[in-house]
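1. Just the structure for this:
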Amino acid sequence: MNEIKESEKVNAREAGAGNQEFTEISDLSKKGYQLLKENKINEAVECFNRILAVDDNNNYALVGMGDVSRKQGGFREAVAYYQRCLDYHPGNNYALFGLADCYKGLNQFHKAIDIWEQYLLHDDKNITVLTRVADAYRKVRDFKHSKVVYLKVLEMEEKNPYAIIGLGHLHYDFKEYRDALFYWEKMLQDNKSAVDIRVLTSIGNCHRKLKTFEDGIVYFEMALQREPYNFYALFGLADCYRGMNQQDRSLDYWNRILEQDPRNKVILTRAGDAYRHMGNYEKAIEYYERALNIEFDTYAVLGLAVVAKAQGRFGEANESLRRLIQQDPKNYRLYLELADCYMRMNERRLAVETLEDFQKLGIRNNGIMEMLEKIKP
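-> Residues are numbered from 1 along each chain as shown. Down below sits the predicted model:
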């Protein structure tokens, strides 16, 4: 009888110790996640490591360590923690979510989709995960599946901004600019003043692609009112004015970008083009050479060749254009400029041969065909 009582006491002590250990782990886990929310990374890691010292496969601590690594951009390290958690706790939603997000961060979108689909087996109404799945399908250019999932989100939540914006990006990526406008403009209907500035520049970019430049200017100016130095708004305005052949106005915005980023060779070349179209060849040459001092740029060299041609330096232009064609043989514009150069040199035969050389590449281009038809004897 005494032996039975003593055994019961031992079991009670062990149970009490187990309960105490469980409580300590639970408290450490809560504390660790709170510290992580407060961005106190080292303290959070200390809490999770104390749990793992007692229970080396604890799901809360493993997910916590995965979250720490993911938050710091250490996606591969985070994958190891989440995978270890899933090895011992299959189907753990937090580990699945974190693992998928890591694969997204590593640009391994197909793997991310596989993991998120596993997550949806347990929770197929999770809008956050559904929008991530749709985003991942968009990244791998799977238009059909991406659109289906975005629309599923909108069935569940009619005005979900992530799905609406995602559908805009999806159609934009596939050059369906009017459909992209349809979705992005939905974001303006409720509260235009509160809409994300990226929506404004995205709408502007649609108009830029559709060549409805005046409409695009409205949205880029709205964006610029909020952020006077927003690169995308400045670029959009400059490009719209360029498309409207208002080179002087485009220059205002190219130069405003260069005030912030004086070594941007793309913008230097665009500004050089504007000066060239305005007939200010000296300034055009200055900007093209500034771009080339940073790094070789095909369009800066092309700009210099076109200036040389305009100034009657045909031999110099000819030599530059032929070198560019060797480096970039599929660029139709180079052939057009070289053919024009030959025409100015009264070398019609060489101009025709230049255009025919491009056609031999098997690339169809209306500009090449029209010029060939015009100059061919």
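2. drop to CA atoms for contacts and neighbour counts, all remaining ones
-> Noted.
3. Next, give phi and psi for the residue nearest the centre of the chain.
-> The centre of the chain sits closest to residue 139, judged by Cα atoms, centre = their mean, with a distance of 9.4 Å. The phi/psi pair for residue 139 (degrees, to the nearest 10) reads phi -60, psi -30.
4. likewise residue 347?
-> The phi and psi values for residue 347, taken as degrees, to the nearest 10, are phi -110, psi 70.
5. and it, how far is that from residue 368?
-> Residue 347 sits 17 Å away from residue 368, going by Cα to Cα, to the nearest Å.
6. So for the two, which residue has more residues nearby?
-> Just comparing residue 347 and residue 368: by other Cα atoms under 10 Å the higher neighbour count belongs to residue 368, 21 against 13.
7. Surely the more buried one touches residue 332?
-> Yes. Using Cα atoms under 8 Å, residue 368 is in contact with residue 332, at 7.3 Å.
8. Tell me how many other residues crowd residue 326.
-> The tally of other residues near residue 326 (other Cα under 10 Å) stands at 9.
9. residue contacts, it?
-> By Cα atoms under 8 Å, 6 or more residues apart in numbering, no residues touch residue 326.
10. what helix or strand does it sit in?
-> Here residue 326 sits within helix 314-327, counting by DSSP states H and E.
11. That helix: what's the following helix or strand?
-> Next along the chain after helix 314-327, taking DSSP H and E as the criterion, comes helix 332-344.
12. what angle sits between that following helix and helix 314-327?
-> Here helix 332-344 runs at an angle of 150 degrees relative to helix 314-327 (axes from the mean of the first three to the mean of the last three Cα atoms, to 10 degrees).
13. Export only the CA atoms of the next helix or strand after helix 332-344, formatted as CSV.
-> Downstream of helix 332-344, the first helix or strand assigned by DSSP H and E is helix 348-359. Taking C-alpha atoms only, helix 348-359 is exported to CSV below (Å, rounded to 0.1, in the frame of the first residue of the first chain):
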residue,chain,number,x,y,z
ARG,A,348,21.3,54.4,-102.8
ARG,A,349,22.5,50.9,-103.6
LEU,A,350,24.3,50.6,-100.2
ALA,A,351,21.1,52.0,-98.5
VAL,A,352,19.0,49.3,-100.1
GLU,A,353,21.5,46.6,-99.2
THR,A,354,21.5,47.8,-95.6
LEU,A,355,17.7,47.4,-95.3
GLU,A,356,17.8,44.0,-97.1
ASP,A,357,20.5,42.8,-94.6
PHE,A,358,18.0,43.4,-91.8
GLN,A,359,15.2,41.6,-93.7
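14. Okay, buried residues for stretch 167-176 please.
-> Neighbour-count burial for stretch 167-176, with 16 or more other Cα atoms under 10 Å as criterion, is recorded at 167, 168, 169, 170, 171, 172, 176.
15. mind listing which of those residues are in helices?
-> Taking DSSP state H as the definition of helices, those contribute 167, 168, 169, 170, 171, 172.
16. The residue lying closest to residue 276 once chain neighbours are set aside: what's it in contact with?
-> Of all residues not flanking residue 276 in the chain, residue 284 sits nearest, at 5.3 Å (Cα to Cα, 6 or more residues apart in numbering). Shown in contact with residue 284 (Cα under 8 Å, 6+ apart): 271, 272, 273, 274, 275, 276.
17. Report all helices and strands that whatever helix or strand the fourth one lives in contacts.
-> Assignment of secondary structure by DSSP H and E places residue 274 within helix 265-277. Helix 265-277 is packed against helix 247-260, helix 281-294, helix 298-310, with contacts defined by 3 or more Cα pairs under 8 Å, 6 or more residues apart in numbering; DSSP states H and E.
18. thinking again about what came up before, okay, the buried residues of stretch 167-176 in CSV with pLDDT next?
-> What follows is those, written out as CSV (pLDDT from 0 to 100):
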residue, pLDDT
167, 97
168, 97
169, 96
170, 97
171, 97
172, 96
176, 97
